[in-house]
Each structure stands twice: as C-alpha cells, then as structure tokens.
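**Q** pasting the sequence and the predicted model now:
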Amino acid sequence: MQQIINFLIKNKHFLLFLLLMFLSIVLTIQSHSYHRGKFVSSANFFSGGLYSWQHSITDYFGLKEENKRLLEENELLHNQLVALGRDSIAKKHLDTISFNTPYTFTKARIIKNDYSKIDNYILINKGKKDSILPDMGVITDKGIIGIVENTSTNYSRVISILNTNSRINAGLKKSNQYGSLVWNGKDPNIVQLETIPRQAIIREGDTIITHGRSTIFPKGIGIGTIASYTLNQNKSYYLIDVKLFNDMTNIGFVYAIKNQDADEIKSLEKLNYD
Amino acid sequence: MTRDTLLHIIRFIVLVLIQVLILNHINFLGSLNPYIYIIFILLAPININKGLFLIISFLLGLIIDIFGDSGGIHAAACTIIAFFRPIALRSVFGLSYEFQTVKLSNVRFGERFAYVILMVLTHHLVLFSLEFFNFSHTLLIIKKTLFSSAFTIMITMLVLVLFRKNES
C-alpha cells in the first residue's frame, strides 16, 4: 500500500498528464462522430456572446454586398410572384400561416463561419428562444448551408456542408436519382455527390437539388452544378464533384427551416422499424 | 511576484482574444492560420508548479477549442507541449536551465529561435494529426504542419521581439 501511494506521489505529474490527455482525446473522438460533440461547442453564452459582439462591429464591412444579395433575392421573388399571378396568391393565402406547406422559415445571422478546417461549424444568432431545434435545415436564397446540430438559449451551432461528418440527401434536378452529399475536405467550393447510379444520364452543368427524402430540407432547394464526374472503381456509381451555388467563404444571412410535420413523420418511421 | 502573476493572467486573456477574434479567421492561402496563443506556454515562468501548469495549459487549449468548435485538439496539443517543455528547455538551454537562471528575454537569438521551433512544431504536429485523425492523410498532415508552423514561428518571433521587457 505504502509503495502504491509512493508511486502515485512520485508520478503525480505524469498521471495528471495522462488524465488530461485522455480527456482531450475523448473530446476529439466525440467531435469526429456525428451528433455527439455536445460538450465543446461555441453555442454557449460566453463564446456566442463574444462572437456576436465581434460581429456587430465587423458587420458594417459587408453591408454593400449584403444589400446586393438581398436585391437579387427580391428580384427573383418578384419574378416568381408575377409568374404565379399576383391575384391568385392574394385570394388563396390570406395570411402567412395558411400556406399549404409544412415548412416555415426563420431568418438568422451568421456570427461565426469556418471553412478552412476539415470539420467546419457555423454559429448563428438564433437559438431555443426562437424555437430553433436540432435537425433543422439551414439555407440561403441560393442554396443549402447545413443542418442545426445543437442549440443554446440564444445561439445554434450548424454543422456545415463543409464537414466530413455531414451527409445530406441530394439528387439530380431533371431525374429522380439521388445520392448523398459529402465533403472530402479539400476545396470549400466543391462538394462530392456519391452513389448516383450509373443508369442516370448526367452532364457537366446539370443542377443538383435537395430531394426531400428526409424531414430536414424541402424538395427542390438548390445546391450546385456538376463540375466534373467519374465512375467509381467497380463502375456502378458516379462520383460527382458539385460546384456550390453559395460561396461558403462569404455568407451573411440565412434561413432556418422548420418542418411542422417532422415529429409526425419521425414517429411513423419509428413505427415501421419496431 | 503578484505583479508577475497579473502579467501572466493578462497575457492569457489577451492571447485568447487575439487568437479567436482575429487569427482564427486569417485563412492565408486558403487555410493557414497562425496559432500564437501558445506564447503563453512558451513564456510561463520556469519554476512554475508543474501540476498547475499542466492544468492551465489544458484549459487554455480547451477555451480555444470551444471557440473554434474543434473538439479537444488544442487541449491535447497544449497539454503535450506543457508536459514536454522541461525537456525542450533542457535540450536547448542546457546548464543554465538546470540552475533556473534562464529568462527568455535575455538569451541569445539562436537559442530562443530553436526553443520556439521545437515547441511550435510539436504543438502543430499533434494538432493536425488529431484534426485529420486519419493515417491516410499523413502527407497532408505533414504539409499543413510545416506551413502552419512556419507562419506561427514567424509571428511568434516577431511578437517576442516587439514585446520584449526592457531589462534595465
């Protein structure tokens, strides 16, 4: 017994070192698996507050571009409105909540955006208080950004599509084949679309959109265009490089998508598994 | 003594703020960031309590991790260089370390440079190995370690020269 205690005292620094290393390795492994990195997150009162304060200062530098982007979005929406016919819309929907769709959008501002690491996260300035919940999709007017991973009262952490753990259902606009969208960690403007079957007819420049097969994104949100493609080793699937519509290094405002039917769909799916 | 302690606490806070607010967003040539917050570990007093030093270094790394959403990679890298700092000091400064007379502000440039290189390279190697966490990326890890280290070493040396205490 005496010897054990002596050993512990003699090596206390080494043992402390081992303990701290163990802790940090556990945190690292957690961060490398999807939906586990709950403890170390910038979506807390302290770091969220600091980033938000920083953003309130640096915000002004991007105003010009932000205005241009909003104008473009307005232009697009106006054109769609005219195409639909202004009267028919006014008759059909008396207020914003009677739209015939389960999706509602909440605007949010990005206060921290990473794109240079291999697992990137984005911090937005809306949280539980604004009924942002995990597994909500995040988009801009141009295309998808990522999925909310965890939330605090005022902030949410979004797992960016530029994250090697992220997997999103996506497919071709012109046909119904779909695959999963991943990122290889190299170029922040190019993501990879895997497991599109060989039967699909694809060409460079084709549009890739979300496919509405999960409760996260509605069908038809833009992602990007095909930059190049190859067949995989056993020639059964395409590996497609997708050039994103969004410039991931420069995004300001985003929308978080809430699917009102998500719980209903999930409980049904669960029923099927049981 | 208390004045020195205060100085170290202020240095800790200032370095963390500079790191998370400015340097984490530089992304030079696409993805290179200098990690100069480890200056705190480099400049910690030689005769500091070892256990305390390990814990403070771990916390320093953890704070950077929380801000950067990077799991525990900075915490691990900081703990390792804090633990191996005595070995680095002994191998670079030799006898003057044994007598605890080393002050980083008044050693020769070459020795200080060697010390910084040794510590930064170790830190970055651990950091990027854990970030990629995959042996198939070994080449990329080495490439990123070297380039990022060069960036960090350059800025660290600049900071050390610019903010040197005047020894009167």
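**A** Good, I have the coordinates.

**Q** let me know the helix or strand that residue 19 is in.
**A** Let's take chain A. Applying DSSP states H and E as the criterion places A:Leu19 in helix A:12-31.

**Q** please go with chain B instead
**A** Counting by DSSP H and E, the secondary-structure element that holds B:Gln19 is helix B:2-21.

**Q** next: A:Val242.
**A** Here A:Val242, judged by DSSP H and E, is contained in strand A:237-244.

**Q** need the contact partners of that strand.
**A** Applying Cβ atoms under 8 Å, 6 or more residues apart in numbering or on different chains, the contact partners of strand A:237-244 are A:143, A:161, A:170, A:179, A:181, A:189-198, A:200, A:202, A:208, A:223-232. (C-beta placed from N, C-alpha, C; glycine too.)

**Q** and with 6 Å instead?
**A** The set of residues external to strand A:237-244 that reach it, using Cβ atoms under 6 Å, 6 or more residues apart in numbering or on different chains, is A:189-191, A:193, A:195-196, A:208, A:224-230, A:232.

**Q** report the buried members of the residues you listed.
**A** The neighbour-count test (16 or more other Cβ atoms under 10 Å in any protein chain shown) applied to the contacts of strand A:237-244 identifies A:189-191, A:193, A:196, A:208, A:224, A:226-227, A:229 as buried.

**Q** and the residues you listed, which two are the farthest apart?
**A** Using Cβ to Cβ, the pair of the buried ones among the contacts of strand A:237-244 lying farthest apart is A:Asn189 and A:Ile196, separated by 20.0 Å.

**Q** picking up where we left off before, check which helices and strands the helix or strand just after the helix holding B:Gln19 sits against.
**A** The helix or strand immediately downstream of helix B:2-21 is helix B:39-43, counting by DSSP H and E. For helix B:39-43, the contact count by 3 or more Cβ pairs under 6 Å, 6 or more residues apart in numbering or on different chains; DSSP states H and E identifies helix B:2-21 as packing neighbours.

**Q** export the helix it packs on as CSV, just CAs?
**A** As requested, C-alpha coordinates have been extracted for helix B:2-21 and formatted as CSV (Å, rounded to 0.1, in the frame of the first residue of the first chain):
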residue,chain,number,x,y,z
THR,B,2,1.9,39.3,-7.7
ARG,B,3,2.8,41.8,-10.5
ASP,B,4,4.2,38.9,-12.5
THR,B,5,1.2,36.7,-11.9
LEU,B,6,-1.1,39.5,-13.0
LEU,B,7,1.1,39.9,-16.1
HIS,B,8,0.6,36.2,-16.9
ILE,B,9,-3.1,36.4,-16.4
ILE,B,10,-3.5,39.4,-18.7
ARG,B,11,-1.3,37.7,-21.3
PHE,B,12,-3.5,34.7,-21.2
ILE,B,13,-6.7,36.7,-21.8
VAL,B,14,-5.2,38.9,-24.5
LEU,B,15,-3.7,36.0,-26.4
VAL,B,16,-7.0,34.1,-26.3
LEU,B,17,-8.9,37.1,-27.6
ILE,B,18,-6.4,37.8,-30.4
GLN,B,19,-6.5,34.2,-31.4
VAL,B,20,-10.2,33.6,-31.5
LEU,B,21,-11.2,37.0,-32.8
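
**Q** shaky segments in chain A?
**A** A:34-39, A:86-100, A:273-274 (pLDDT under 70).

**Q** contact residues of it facing chain B?
**A** The interface of chain A toward chain B, taken as Cβ under 6 Å from any Cβ of the partner chain, is made up of A:13, A:16-17, A:20-21, A:24, A:27-28, A:31-32, A:40, A:42, A:47, A:54, A:116, A:118, A:121.

**Q** hmm, back to that, closest one of the contacts of strand A:237-244 to chain B?
**A** Using Cβ to the nearest Cβ, A:Asn189 comes nearest to chain B of the contacts of strand A:237-244, at 10.7 Å.

**Q** any idea which element the nearest residue to B:Asp69 once chain neighbours are set aside lies in?
**A** The shortest distance from B:Asp69 to any residue other than its chain neighbours is 3.9 Å, reached at A:Tyr121 (Cβ to Cβ, 6 or more residues apart in numbering or on different chains). In this structure, A:Tyr121 sits in strand A:119-124 according to DSSP H and E.

**Q** so what touches that strand?
**A** Contacts of strand A:119-124 from elsewhere in the structure, counted by Cβ under 6 Å, 6+ apart, are A:42, A:51, A:108, A:110-114, A:155-158, A:160, A:162-164, B:69.

**Q** list the buried ones in stretch A:150-167?
**A** Neighbour-count burial for stretch A:150-167, with 16+ other Cβ under 10 Å as criterion, is recorded at A:150-152, A:154-166.

**Q** output stretch A:118-135 as CSV, restricted to C-alpha atoms.
**A** Once non-C-alpha atoms are left out, stretch A:118-135 reads as follows in CSV (Å, rounded to 0.1, in the frame of the first residue of the first chain):
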residue,chain,number,x,y,z
ILE,A,118,-11.7,19.6,-42.1
ASP,A,119,-14.8,19.7,-39.9
ASN,A,120,-16.4,23.1,-40.1
TYR,A,121,-19.2,24.5,-38.0
ILE,A,122,-21.2,27.7,-38.3
LEU,A,123,-22.7,29.7,-35.5
ILE,A,124,-26.0,31.5,-35.9
ASN,A,125,-27.6,34.1,-33.6
LYS,A,126,-30.9,32.3,-33.1
GLY,A,127,-31.5,29.6,-30.5
LYS,A,128,-34.1,27.8,-28.4
LYS,A,129,-35.6,31.2,-27.6
ASP,A,130,-36.6,31.5,-31.3
SER,A,131,-37.6,27.8,-31.5
ILE,A,132,-34.6,26.7,-33.4
LEU,A,133,-34.2,23.0,-32.8
PRO,A,134,-31.6,20.4,-33.7
ASP,A,135,-32.0,18.8,-37.2
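
**Q** what about that stretch, distance to the chain center?
**A** Computed by Cα atoms, centre = their mean, to the nearest Å, the chain-centroid distance of stretch A:118-135 equals 9 Å.

**Q** mind listing what's buried in that stretch?
**A** So, applying 16+ other Cβ under 10 Å, buried residues of stretch A:118-135: A:118-127, A:130, A:132.
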